[in-house]
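1. Structure, please.
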Amino acid sequence: MSPIFTFLMTVVAIYFTFYLIRPIDLTKILPQSPRNAALLKVVLATIIGFLLATALVGLLNEALQIPSSLLKDL
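-> Presented below is the predicted three-dimensional model:
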């Protein structure tokens, strides 16, 4: 898999995750520091987005290897 594709997939997954957790109000968890709540949201989006992108790239790599493993036995 191309490193550019992996990087773009990671950036898209982080943005998608940030978009999904944007409506969650973390100031209820951290009421004294809303700036820390915003930072926590960015950190969570980065972690979850990176894990999502890693899983998707891994699944795509495995799916691309299926035809070669089937033809190897012939």
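
2. From Phe16, how far off is the residue nearest the centre of the chain?
-> Residue closest to the average C-alpha location in the chain (CA atoms, centre = their mean): Gly49, at 2.2 Å. According to CB to CB, to the nearest Å, Gly49 stands 7 Å off from Phe16. C-beta coordinates here come from the backbone N, C-alpha and C atoms, glycine included.

3. same deal with Ile4?
-> Distance from Ile4 to Phe16, by CB to CB: 18 Å.

4. The two - which one has more neighbours?
-> Between Ile4 and Phe16, counted using other CB atoms under 10 Å, the more crowded position is Phe16 (15 against 8).

5. Can you name the helix or strand that that one falls in?
-> Assessed by DSSP states H and E, Phe16 sits inside helix 3-21.

6. tell me the mean pLDDT for that helix?
-> Across helix 3-21, pLDDT averages out at 96.

7. Skip ahead from it and say which helix or strand is next.
-> Next along from helix 3-21, by DSSP H and E: helix 34-72.

8. Now that next one: average pLDDT?
-> In the prediction, helix 34-72 has an average pLDDT of 91.
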